[in-house]
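Student: Coordinates for the following, if possible.
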Amino acid sequence: MVPTNGSVALRGLKLFGVALPTSPFPLSPAAFLALSAFKLPPASTGNSSAGHRIESTAVGSGGGLSLQLSNLLISTPSCVALSLHQHFACRNSPSPNFTVTPTSLTIHRLTTPTADIVNVKLVCTGKPAPVSCLAAAAATGPQLLASLRTLQTQAKLAAAAAPYYDTYIPLYIHVCRNLAFTGDGSNTSYSGIAAGTADKTANVVDSGDAATGNSPIELDGVAVVIAGPSPAATSSSASSGSTEGTLGGGLGLSAVPTYGSTTSADATLPLTAPSTVLDLTGTGGLLSIVAYGGTASVELRDLTIRNPPLGPQGQSPWSLLRAFLWTFDFTRRWAVDPMGATSSVVVGL
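Tutor: From the prediction side, this is the model:
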């Protein structure tokens, strides 16, 4: 039992046979990684000024937390418990705080009402349970491409092992900072690291033909979300000087609506452009979305897109419109309204 005003610190250890909370469902922030071996004092949460973020401390702890967990490998006999903790991470992704694979969950940095968690990896030894999503973070263009390739492969394996048909797995990638896919910002090459060949480079043209030594990344059976830091998290970090990772009851994510206006007059959009830049120079046709005969989607969130490529010549004149994001290769359907003074164009899968 951890007394009020007390705390337990575990650092640099491998822990086996660890019991993890499995309730409530879904797991609350206070229950997340609150090791069952310790009876913890009640936790309280209080709203901070950072939008959805909630600063949380244990009651009577004088600003400290009951559990201090750092640099740990935790193995639990219950893969259901691991799955529930993965589900918690998926609900709060994309995020720099979590890496989710089919068989593990890594918490890079997180503060909950009961624990301060740094570099903790969870695995299980029982019968595998379904995973709710796959998640990673990327700080460079090659890292983002490598993550997409790896997560797509893992998603296919997870879907094949799922007990139900047509498993649709979300893939979350958090963009940590401004990034580009070319080495010098020109339309010449992107690193072959994405295909596991770090010693090679491949030419990429801006026409959408994806003339590369590496084949385009094919996305199938996945819902991909690529996101930068949310406006709330960015403003909070800037004002407090702290890193991301304090978690309470909200997701703290601001999504651009799929349908409707995308002008600055839209009240659902932030007043200023997102601070994280995704430079798409030289990426024509780099990502192939399987739409017919498969299920896939891509959402870009909380990012400023720069230098989108031109489309392929066969799609002229629409290929001259960079706003169609020709980085993503899929069968586009064109619906033109001939009745309007200025024709409107709708692009769909």
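
Student: Contact partners for the closest residue in space to Arg301 that isn't next to it in sequence?
Tutor: Distances taken as Cβ to Cβ, 6 or more residues apart in numbering place Ala227 nearest to Arg301, at 3.9 Å, with adjacent residues excluded. C-beta: built from backbone N, CA, C; applies to glycine. Ala227 makes contact with 94, 172-175, 253, 299-303, according to Cβ atoms under 8 Å, 6 or more residues apart in numbering.

Student: what does Leu72 give?
Tutor: Applying Cβ under 8 Å, 6+ apart, the residues contacting Leu72 are 10-15, 119-121.

Student: returning to that earlier point: please indicate which of the contacts of Ala227 are buried?
Tutor: Neighbour counting with 16 or more other Cβ atoms under 10 Å marks 94, 172-175, 253, 300-303 as buried within the contacts of Ala227.

Student: Please give me every residue in contact with Glu135.
Tutor: Small correction: residue 135 is Ala, not Glu. Applying Cβ under 8 Å, 6+ apart, the residues near Ala135 are 89-90, 93-95, 98-100, 171-174.

Student: go with 6 Å
Tutor: Neighbour list for Ala135: 93, 98, 100, 172 [criterion: Cβ atoms under 6 Å, 6 or more residues apart in numbering].

Student: measure it to Val224 for me?
Tutor: Look at Ala135 and Val224: by Cβ to Cβ, to the nearest Å, they are 11 Å apart.

Student: and what of His85?
Tutor: Noted for His85: a distance of 22 Å to Val224, by Cβ to Cβ.

Student: ok, now Ser104?
Tutor: Shown here: Ser104 relative to Val224, a distance of 20 Å by Cβ to Cβ.

Student: Which one's more surrounded, the two?
Tutor: Val224 (24 against 15; other Cβ atoms under 10 Å).

Student: So the more buried one belongs to a helix, correct?
Tutor: No. Counting by DSSP: H, G, I helix; E, B strand; the rest coil, Val224 is not found in a helix; it is strand.

Student: Can you verify my assumption that it contacts Leu171?
Tutor: Yes. Applying Cβ atoms under 6 Å, one finds Val224 in contact with Leu171, separated by 4.7 Å.

Student: mind showing which ranges of the stretch 101-250 of the chain have poor pLDDT?
Tutor: The stretch 101-250 of the chain contains residues with pLDDT under 70 at 163-167, 183-214, 232-250.

Student: now the strands for it?
Tutor: 104-111, 115-124, 134-138, 169-175, 179-180, 189-191, 201-203, 217-219, 222-227 (DSSP state E, counting those that start in this stretch).

Student: among those strands, which is nearest Leu67?
Tutor: strand 115-124 (3.8 Å; Cβ to Cβ).

Student: Got the phi and psi for the nearest residue to Val131 once chain neighbours are set aside?
Tutor: Leaving aside its chain neighbours, Val131 sits nearest to Pro102 (5.0 Å; criterion: Cβ to Cβ, 6+ apart). Pro102 adopts backbone torsions of phi -60, psi -20, taken as degrees, to the nearest 10.

Student: now Pro24
Tutor: Phi and psi for Pro24, reported as degrees, to the nearest 10, are phi -70, psi 170.

Student: do Thr327 as well
Tutor: phi -50, psi -30.

Student: any idea which helix or strand carries the closest residue to it other than its chain neighbours?
Tutor: Leaving aside its chain neighbours, Thr327 sits nearest to Thr283 (4.2 Å; criterion: Cβ to Cβ, 6+ apart). Assigned by DSSP states H and E, Thr283 belongs to neither a helix nor a strand.

Student: Run a quick neighbour tally on Pro216.
Tutor: By other Cβ under 10 Å, the residues close to Pro216 number 17.

Student: Likewise for the one 5 residues further on?
Tutor: Using other Cβ under 10 Å as the criterion, Gly221 is surrounded by 17 other residues.

Student: can you check the one 10 residues further on too?
Tutor: As a burial measure, Pro231 scores 20 neighbours (other Cβ under 10 Å).

Student: and the gap between it and Leu303?
Tutor: From Pro231 to Leu303 the distance is 11 Å (Cβ to Cβ).

Student: try Pro274
Tutor: 5 Å.

Student: and for these two, which residues touch both?
Tutor: Applying Cβ under 6 Å, 6+ apart, one finds that Pro274 and Leu303 are jointly contacted by Gly228.
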